[in-house]
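Engineer: build the 3D model from these lines:
(3 chains)
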Amino acid sequence: MTVVTLDIAAPAIDAVVAAHAALRAKRPLVQALTNVVSSNFVANVLLSAGASPAMVDNPEEAALFAGVADGVLINLGTPTAAQVESMRLAAAAAQKAGKPWVLDPIAAGGLPWRGQVAAELLQFKPAAVRGNASEIIGLAGLGGGARGVDSSASPEAAVPAAVDLLAHARAVSASGPVDHVVGRVDGRTVLVKIGGGSALLPRVTATGCALGALVVAYTAVASDPLTGLVSAHVHFSVAAELAEAVASRPGSFAAAFIDALDAVDETSLRSRAKIHPAVLIP
Amino acid sequence: MTVVTLDIAAPAIDAVVAAHAALRAKRPLVQALTNVVSSNFVANVLLSAGASPAMVDNPEEAALFAGVADGVLINLGTPTAAQVESMRLAAAAAQKAGKPWVLDPIAAGGLPWRGQVAAELLQFKPAAVRGNASEIIGLAGLGGGARGVDSSASPEAAVPAAVDLLAHARAVSASGPVDHVVGRVDGRTVLVKIGGGSALLPRVTATGCALGALVVAYTAVASDPLTGLVSAHVHFSVAAELAEAVASRPGSFAAAFIDALDAVDETSLRSRAKIHPAVLIP
Amino acid sequence: MTVVTLDIAAPAIDAVVAAHAALRAKRPLVQALTNVVSSNFVANVLLSAGASPAMVDNPEEAALFAGVADGVLINLGTPTAAQVESMRLAAAAAQKAGKPWVLDPIAAGGLPWRGQVAAELLQFKPAAVRGNASEIIGLAGLGGGARGVDSSASPEAAVPAAVDLLAHARAVSASGPVDHVVGRVDGRTVLVKIGGGSALLPRVTATGCALGALVVAYTAVASDPLTGLVSAHVHFSVAAELAEAVASRPGSFAAAFIDALDAVDETSLRSRAKIHPAVLIP
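Structural biologist: Okay, here's the model as predicted:
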């Protein structure tokens, strides 16, 4: 992949600080259609970070509520037939109402049934897609590409797949030790890398799911989806660093991380954010 | 609303202390039909406070188990078609068996499908209804009243709606900075207000749901539903104060709160309970 | 029950240490079909102890994933019709693929519907069954025996039922203050008792479920199911002791326990494991 130094206005720390201020001021209502493992943790992450969660995910109410919420999370972790029906209804309703929705395509590349669901959902044009590298590669492969799934993929290796997904979504991220986020600025494709975080994050279940939910909250208040996606990653990474400073094992880290999501402020964002200079992808 | 000073035996600290002793002695079995976000937290709150949880909520077993349990929680947070069928079966079975059941009408006033479910469930005569102010107002409005839903309602504003719901339930509470609880004593309608608590409670997901579950446990052991409802609110508020003394952000508060529910005893109840003198509602 | 001192190679501390090393080296992928109360806690226990969780439990994907996973947990805590269908598919697929699967028969003896499900599942030959004493007695009773269910049964009282279940499973445990584990070594039936643990374990919801999940992880890496079952109980008990040393109430204990599952190593296993000398059951 050839990249060149960027001379245009990709999201950087000032944009993240502004998005964080907007999050705290507006307290967006996030409708989460998520997996059963994550639902409690996702709700607590949203509450602590500064958003308001609501897990309305039955077919009877999902579409109605998508018109009320400020944004919608669709997470494919433990889909059931009924929840999948709700996902289609909520994504369609969000698109129609002009509300951002975010796809977290857990295992979509490895399990054909949910893979087909994910491919269908892309038609409703998510504001953002967030996954780990393998999931991004797998999701892009569903569109007909031949990349397949590599469960040990690095976020860097997922960048071409993430760029492919910009045909459907405004911004796409592959999470990992260094998060890789792609989107378009002034018609050009840019890559923003975000370091920091903590090796304890993947030792706590549903942290990736919770990041996906935080992406919804930020895309609901940020100036554009790419800025929202970058801002959510930065808030998450800074909080993980703060938590790691006071906890060294997964159980205490999980509680400290919830505390830290609340504690993150402009000062900690400016002193700890590790946003690499954006680069253009030709 | 005109109120007068009460000269009759509404629940006060001695009744709360007695109910708490009964809870610890009898360890009531609470069947919880609750939302997926809350189920783990609800179970841990019940265990820590001194009750025994069981989440039997499928249509095949819900009615049978309602005859075995000491009380039933029906929480409308994330209803599915199958869970709603279970709710009807469990509420009917509890009523038939003379077991107390408690309705937590989450968002019943704002979402028509679950609103209709809530209205139907009221026919099975819950021992108590617990909600935030908007939910109590919304639920009462379903009966034909025109109050509608105000998401920023104060508990005080929900008192007329709570009184209306006494047509269906023996006691009703609207949670908030000061909880407002209504019921009947010697044929007269009384209001008991409970202060204390913590501003961190609404920063942790499912704390309201967990309070609803604790209401079931207390109504299963208390002398009457109003005493049970007041006692659950007091136990909850005192525990929140104890937790706030050792934790200042949501993640550590959640763990400290579970600890504190266990730690609450007669001494802390008597020294920290903030039960306002009961008043009559003409 | 008559027992004699064992002179054959039943699992002892060296085998547990070897299994623990294999767990950390192989990081087995555990597919968990479990109850909604437990799913988050189960996943965090697996991650912290050294395994990898995946909660694939819909009928569309359960069998496929059982062929991918290293072992499968089937926990009957909150079964739905769809989940029960998934359980049958996953157990059959695991058996066919030669992957170990573990049955946690929550309340199977007390609720007829799930009792029938449990009885059917036994036909797919679990590697291990784990339950509390009443559940083991209840499950064995489903096979036609007349023991019934005694909710206050001691693990010792469940040993005859556990031995009966060896007709279906390679190893069976009844959890309690002293865990009782039975299996066959060189054609002879042996009983291994494991002490330690903490009185706070039953004060935290889903600890039994999490132990069942850890049994899957260990049976996937141990030399045989009995060694895997004993090793999971020992890891769990040692971690509970470590947690109790730093936490005295349920909320803080739960977080400390997750930390301790991560902290357990060869040194703590050798210094703290309380494995009684194995005895033969004639």
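Engineer: and chain A, which residues reach chain B?
Structural biologist: By C-beta under 8 Å from any C-beta of the partner chain, the residues of chain A that approach chain B are A:36, A:39-40, A:43-44, A:47-48, A:53-58, A:60-61, A:64-65, A:68, A:82, A:254-260, A:262-263. Using the backbone N, CA and C atoms, a C-beta is placed for each residue, glycine as well.
Engineer: before we move on, which element is the residue of the stretch 1-150 of chain A found nearest chain B in?
Structural biologist: Nearest residue of the stretch 1-150 of chain A to chain B: A:Ala43, at 3.7 Å (C-beta to the nearest C-beta). Using DSSP states H and E, A:Ala43 maps to helix A:39-49.
Engineer: same thing with A:Ala93?
Structural biologist: helix A:81-97.
Engineer: re earlier: the helix holding A:Ala43 near chain C anywhere?
Structural biologist: Yes: using C-beta under 8 Å from any C-beta, helix A:39-49 reaches chain C at A:Asn40, A:Phe41.
Engineer: tell me the mean pLDDT over that helix?
Structural biologist: Mean pLDDT, computed over helix A:39-49, is 98.
Engineer: what's A:Ala19 in contact with, if anything?
Structural biologist: For A:Ala19, the contacting residues are A:Tyr218, A:Val221, A:Ala222, A:Ser223, A:Thr227, A:Gly228, A:Ser231, by C-beta atoms under 8 Å, 6 or more residues apart in numbering or on different chains.
Engineer: picking up where we left off before, now the helix holding A:Ala93: buried residues?
Structural biologist: For helix A:81-97, a neighbour-count test (16 or more other C-beta atoms under 10 Å in any protein chain shown) marks A:82-84, A:86-95 as buried.
Engineer: before we move on, what about stretch A:26-35?
Structural biologist: Residues of stretch A:26-35 classed as buried by neighbour count (16+ other C-beta under 10 Å): A:Arg27, A:Pro28, A:Leu29, A:Val30, A:Gln31, A:Ala32, A:Leu33, A:Thr34, A:Asn35.
Engineer: and for stretch A:48-64?
Structural biologist: A:48-51, A:53-64.
Engineer: what's the closest non-adjacent residue to the closest residue to chain C within chain A?
Structural biologist: Ranked by C-beta to the nearest C-beta, the top residue of chain A for proximity to chain C is A:Gly251, at 2.8 Å. In this structure, A:Gly251 finds its nearest non-sequential neighbour in C:Ile258, 2.8 Å apart by C-beta to C-beta, 6 or more residues apart in numbering or on different chains.
Engineer: name the helix or strand for the spatially most central residue of chain A, please.
Structural biologist: Centroid-nearest residue in chain A, with C-alpha atoms, centre = their mean: A:Gly212, separated by 3.4 Å. Using DSSP H and E, A:Gly212 maps to helix A:207-219.
Engineer: and that helix with chain C, contact?
Structural biologist: No: judged by C-beta under 8 Å from any C-beta, helix A:207-219 and chain C are separated, with a smallest distance of 10.2 Å.
Engineer: closest to C:Ile74 among the contacts of A:Ala19?
Structural biologist: For the contacts of A:Ala19, the residue nearest C:Ile74 by C-beta to C-beta is A:Tyr218; the value is 38.8 Å.
Engineer: right, and that closest one touches A:Ser231 too?
Structural biologist: Yes: A:Tyr218 is in contact with A:Ser231 according to C-beta atoms under 8 Å; the separation is 4.7 Å.
Engineer: hmm, back to that, tell me which of the contacts of A:Ala19 fall in helices.
Structural biologist: With helices taken from DSSP state H, the overlap with those comprises A:Tyr218, A:Thr227, A:Gly228, A:Ser231.
Engineer: before we move on, back to that, what sits in contact with each of A:Tyr218 and A:Ser231?
Structural biologist: Common neighbours of A:Tyr218 and A:Ser231 (C-beta under 8 Å, 6+ apart) are A:Ala19, A:Leu23.
Engineer: could I get the full set of helices for the stretch 151-282 of chain A?
Structural biologist: For the stretch 151-282 of chain A, applying DSSP state H, counting those that start in this stretch gives helices covering A:159-165, A:207-219, A:225-244, A:250-263, A:266-272.
Engineer: for the record, mean pLDDT for the helix holding A:Gly212?
Structural biologist: Mean pLDDT, computed over helix A:207-219, is 98.
Engineer: do stretch A:181-192 as well
Structural biologist: 96.
Engineer: check stretch A:60-73 too.
Structural biologist: Per-residue scores along stretch A:60-73 average to 97.
Engineer: what's the end-to-end length of that stretch?
Structural biologist: In stretch A:60-73, first residue to last residue: 17 Å (C-alpha to C-alpha, to the nearest Å).
Engineer: next one: the helix holding A:Gly212 to chain centre, how far?
Structural biologist: With C-alpha atoms, centre = their mean, to the nearest Å as the basis, helix A:207-219 stands 5 Å off its chain's centre.
Engineer: that one packs against which elements?
Structural biologist: On a contact count with 3 or more C-beta pairs under 8 Å, 6 or more residues apart in numbering or on different chains; DSSP states H and E, helix A:207-219 meets helix A:13-26, strand A:29-33, helix A:39-49, strand A:71-75, strand A:101-104, strand A:128-132, strand A:171-175, helix A:225-244.
Engineer: mind doing that once more with 6 Å?
Structural biologist: Packing partners of helix A:207-219 (3 or more C-beta pairs under 6 Å, 6 or more residues apart in numbering or on different chains; DSSP states H and E): strand A:29-33, helix A:39-49, strand A:71-75, strand A:101-104, strand A:128-132, helix A:225-244.
Engineer: looking at the stretch 151-282 of chain A, what residue ends up closest to chain B?
Structural biologist: Nearest to chain B in the stretch 151-282 of chain A, going by C-beta to the nearest C-beta, is A:Ile258, at a distance of 2.8 Å.
Engineer: and the angle for the helix holding A:Gly212 with helix A:13-26?
Structural biologist: Per axes from the mean of the first three to the mean of the last three C-alpha atoms, to 10 degrees, the angle that helix A:207-219 makes with helix A:13-26 is 80 degrees.
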